[in-house]
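Asks: Need a 3D model of the sequence below.
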Amino acid sequence: MQRLISLRSKSNSLKSLFNPLKSPQKHSISADWSSCFHQSWSLIASKGCFSRVFSYGLWPSCAKMRNFDKNQGFVRRFSSEAQRESIEYDVVIVGAGPAGLSAAIRLKQLCSEKGVDLSVCVVEKGPEVGAHILSGNVFEPRALDELLPHWKEEEAPINVPVSSDKFWFLTKDRAFSLPCPFDNKGNYVISLSQLVRWMGIKAEEFGVEIYPGFAASEILYDANDSVVGIGTNDMGIAKDGSKKDTFQRGVELKGRVTLLAEGCRGSLSEKLIKKYKLREKGHAQHQTYALGIKEVWEIDESKHKPGAVLHTIGWPLDQKTYGGSFLYHMKDRQVSIGLVVALNYHNPYLNPYEEFQKFKHHPAIRPLLEGGTVIQYGARTLNEGGIQSIPYPVFSGGAIIGCSAGFLNVPKIKGTHTAMKSGMLAAEAAFGSLREGTSLKSYWETLRSSWIWDELHQARNYRPAFEYGVIPGMAISALERYILKGRSPFTLKHGKPDHESTNAARLHSPIEYPKPDGVFSFDVPTSLHRSNTNHDHDQPAHLRLKDPKIPETLNLPEYAGPESRYCPARVYEYISDENSQLKLQINAQNCLHCKACDIKDPKQNIEWTVPEGGGGPGYSVM
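Replies: Numbering: from 1, shown residues only. Have a look, this model is predicted:
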């Protein structure tokens, strides 16, 4: 059987079955329907009319394919090794975010420019492109201008220019205006999940194959320990490990080059960083992180100011905890509001979710939200280590791009443009490696000579300055921005890793948070409902304890059970067993895929792995 991919002339019959860029409803496929589908597949194949069937999780048992002349179209070669199908591509990209899609588009642009053809596949664990994307987001279009210069004419969802820019220092009852350190002229207030959806459509127009709803769960290696692709996890496994009626074997997606664009704290990326010692190779420090918690509100039209941007620092966080809030006026009476808390905080009783709920009651914030309603809720960690924490991003067989490597510009509070640019540079290196015989290591070289490196070098001392507290950090940051202008003769180092920064509970007093009022502040279940988070309950937990005894023997007595507070989705709860002893219960179905647990657990005892593909949050305007 041969599979010719023609994205511009998809089968009408298959169009009626599947929604582009969305994963299938895998658990509602009956055996009769599946059999009928495979008969339809054979008929379609025999007529030479092919479509992106494989992106929707329906893998024909007869899918052993032979070589096909690439002058006539794209072809995948299948094998049935260990009962798992294997599809070969030139480039496999993990993650349909800004970096992954930028890399895919740039690869296809180069193919068009050079008159050659490379097959490019993007695999995405979310149920659809954009469903797991969350960001502020004040968008700097610099990288997009380079990648798709005509984005305005092509109706990109970028149409609210920044109209004002304010920066406040908050105390409990007052807001003090400070000189704004942000330069957002020419930037836009956007929904990043909507932008990513648009980019996904553009990528498909270029001929990229996008497979949403499939979670990359393992790295594939050859005999020389080089990466040769990824494997997706099996579908339809019950919680007890047995196979359900809906069982589908995972798939091997093999690539001559594999690019990892999983976002902050990518699970496969972290494994490769450790395996190949990429931090040591790049002389990088450990990464440091923050947790961003966000809501989108619809407010009264009389209060709405499209493009208005506000950032704050100070209350409700204490003077030793770095973080701040954002409030951006989007279109259609919508505002993005959120709180970012650095995960190197010391007090184990601190609860980032509750701090955010408290923030919305501030006298300077509450009036804007009065009469409004919450549309969506979500949370995600972000890299804050800057240039000091970027690992060597190239490994044998591929590279790490975007926030998986960590290109966030902390003082700008922006990382989308740098993530996109890193994907473009990696694409150019991959193309050169595949078609011109150059080394993939050129990605590292061009990265360090690009405007990404210039930007991050100038911003390198802002985040570590706050190791000394909020007020000293603000003073050092002001010196860096207004006097030294990023030309300091020194580079500050980060403090302890985030998980080592948590103090023993005996050194702090418990924090009493006010009860939610249901108007401005909400309990976790209410917020979770607004995140559209969903996982099949009957599947193995994707949050695993390396040592199941640590929560009760160490985390609870020493740190007062911090996992029950740093998680913004109540995944971790201590409940009484039949002997009235507190035991940790993991509610994996609540998971927002924020990765805070993977980062903040004091003994790094929690391992975050991908759940069944298609699970997790379902963001649409985040």
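Asks: Spatially central, which residue of this structure would that be?
Replies: Closest to where the C-alpha atoms of the chain average out (Cα atoms, centre = their mean) is Gly263, at 3.7 Å.
Asks: helices and strands of the protein: which one bottoms out on pLDDT?
Replies: helix 12-17 (a mean of 30; mean pLDDT, DSSP states H and E).
Asks: The nearest residue to Gly432 once chain neighbours are set aside: how many residues sit nearby?
Replies: Distances taken as Cβ to Cβ, 6 or more residues apart in numbering place Thr438 nearest to Gly432, at 3.9 Å, with adjacent residues excluded. Using the backbone N, CA and C atoms, a C-beta is placed for each residue, glycine as well. Counted with other Cβ atoms under 10 Å, the neighbours of Thr438 add up to 14.
Asks: Pull the number of nearby residues for Arg481.
Replies: Quick note: Arg481 (other Cβ under 10 Å) scores 16 neighbours.
Asks: Helices of the stretch 251-400 of the chain, start to end?
Replies: All helices of the stretch 251-400 of the chain, identified by DSSP state H, counting those that start in this stretch, fall at 267-275, 278-281, 352-359, 366-369.
Asks: try the stretch 501-622 of the chain
Replies: Using DSSP H, counting those that start in this stretch, helices in the stretch 501-622 of the chain cover 524-531, 550, 556-559, 563-566, 596-600.
Asks: and of those, who's closest to Ser119?
Replies: Nearest to Ser119, of all those, is helix 596-600, at 32.6 Å by Cβ to Cβ.
Asks: how about the closest one as CSV, C-alpha atoms only?
Replies: What follows is helix 596-600, C-alpha atoms only, in CSV (Å, rounded to 0.1, in the frame of the first residue of the first chain):
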residue,chain,number,x,y,z
ALA,A,596,4.9,22.7,38.9
CYS,A,597,5.0,19.4,40.8
ASP,A,598,7.9,18.1,38.6
ILE,A,599,9.8,21.2,39.6
LYS,A,600,8.9,22.1,43.2
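Asks: can you list the residues that contact it?
Replies: 265, 267, 289, 291, 343, 352, 379, 381, 498-499, 502, 543, 562-563, 566-568, 571-572, 606-608 (Cβ atoms under 8 Å, 6 or more residues apart in numbering).
Asks: What score does the residue nearest to Val162 when sequence neighbours are not counted have for pLDDT?
Replies: Using Cβ to Cβ, 6+ apart and skipping the chain neighbours, the partner closest in space to Val162 is Asn184 (4.3 Å). For Asn184, the model assigns a pLDDT of 95.
Asks: Just give me the neighbour total for Asn184.
Replies: 23.
Asks: and what of Gly469?
Replies: Counted with other Cβ under 10 Å, Gly469 comes out at 15.
Asks: Settle this for me: it is touching Leu317, isn't it.
Replies: No: using Cβ atoms under 8 Å, Gly469 is not in contact with Leu317, being 11.3 Å away.
Asks: hmm, back to that, correct me, but the residue nearest to the centre of the chain touches Gly402?
Replies: Yes: using Cβ under 8 Å, Gly263 is in contact with Gly402, at 6.8 Å.
Asks: hang on, the earlier thing: and the residue nearest to the centre of the chain, how close does it get to Asn383?
Replies: 9 Å (Cβ to Cβ, to the nearest Å).
Asks: Same question for Glu252.
Replies: From Glu252 to Asn383 the distance is 30 Å (Cβ to Cβ).
Asks: what are the bridge partners for Leu178, then?
Replies: Assessed by DSSP bridges, Leu178 has beta-bridge partners Phe167.
Asks: From Lys414, how far out is it?
Replies: 19 Å.
Asks: Which one's more surrounded, the two?
Replies: Legend: neighbour count by other Cβ under 10 Å for Leu178 and Lys414, higher for Lys414 (23 against 16).
Asks: List the backbone torsions phi and psi for that one.
Replies: phi -140, psi 140 (degrees, to the nearest 10).
Asks: From here on, call the first residue 12.
Replies: In the new numbering, first residue 12, that becomes Lys425.
Asks: I'd guessed it sits against Glu151; true?
Replies: Yes: taking contacts as Cβ under 8 Å, Lys425 lies within contact range of Glu151: 5.6 Å.
Asks: Can you show me the strands along the stretch 412-561 of the chain?
Replies: 554-556 (DSSP state E, counting those that start in this stretch).
Asks: The residue located most distally from the centre of the chain and Asn545: what is the separation?
Replies: Largest separation from the mean C-alpha position in the chain: Asn590, at 40.6 Å (Cα atoms, centre = their mean). From Asn590 over to Asn545 the distance is 34 Å, taken as Cβ to Cβ.
Asks: can you check Arg267 too?
Replies: From Arg267 to Asn545 the distance is 35 Å (Cβ to Cβ).
Asks: do the same with Asn362
Replies: For Asn362, the distance to Asn545 - Cβ to Cβ - is 24 Å.
Asks: ditto for Tyr493
Replies: Distance from Tyr493 to Asn545, by Cβ to Cβ: 48 Å.
Asks: Between those two, point out the one with more neighbours.
Replies: Asn545 (15 against 10).
Asks: what do Gly274 and Gly413 both touch?
Replies: With Cβ under 8 Å, 6+ apart, Gly274 and Gly413 have common neighbours Gly106, Gly108.
Asks: what about Gly335, neighbour count?
Replies: Gly335: 22 neighbours (other Cβ under 10 Å).
Asks: dump the residue contacts of the closest residue in space to it that isn't next to it in sequence.
Replies: Sequence neighbours aside, Ile324 is the residue nearest to Gly335 in space, at 4.2 Å (criterion: Cβ to Cβ, 6+ apart). Contacts for Ile324 (Cβ under 8 Å, 6+ apart) come out as Phe178, Trp179, Phe180, Leu181, Gly334, Gly335, Val481, Met485.
Asks: Any idea how many residues pack against the residue nearest to Lys125 when sequence neighbours are not counted?
Replies: With sequence-adjacent residues excluded and distances taken as Cβ to Cβ, 6+ apart, Lys125 is closest to Arg446, at 6.8 Å. Using other Cβ under 10 Å, Arg446 is surrounded by 15 other residues.
Asks: any idea how far Ile104 is from Arg446?
Replies: In terms of Cβ to Cβ, Arg446 sits 17 Å off from Ile104.
Asks: now swap in Val131 and tell me
Replies: 7 Å.
Asks: try Tyr493
Replies: Relative to Ile104, and taking Cβ to Cβ, Tyr493 is found at 40 Å.
Asks: Now do Glu151, the pLDDT please.
Replies: pLDDT, Glu151: 97.
Asks: before we move on, what about Leu283?
Replies: 98.
Asks: List the residues that contact it.
Replies: Leu283 neighbours (Cβ under 8 Å, 6+ apart): Ile230, Val238, Leu271, Leu289, Phe406, Ile411.
Asks: hmm, try it at 7 Å
Replies: Each residue near Leu283 by Cβ atoms under 7 Å, 6 or more residues apart in numbering is listed here: Ile230, Leu289, Phe406.
Asks: Most neighbours of all the residues you listed, which one?
Replies: Phe406 (23 neighbours).
Asks: where are the low-confidence patches of this structure?
Replies: 12-93 (pLDDT under 70).
Asks: Show me which of the contacts of Leu283 is closest to Pro172.
Replies: Using Cβ to Cβ, those come closest to Pro172 at Leu289, 38.5 Å.
Asks: Touching, the closest one and Val405? I think so.
Replies: No: applying Cβ atoms under 7 Å as the test, Leu289 and Val405 come out as separate, 8.2 Å apart.
Asks: that older thread, so what sits against both of Val131 and Ile104?
Replies: Both Val131 and Ile104 are in contact with Ala115, where contact means Cβ under 7 Å, 6+ apart.
Asks: Quick check on the two: which one has the bigger neighbour count.
Replies: Remark: of Val131 and Ile104, Ile104 carries more neighbours, 37 against 29, as counted by other Cβ under 10 Å.
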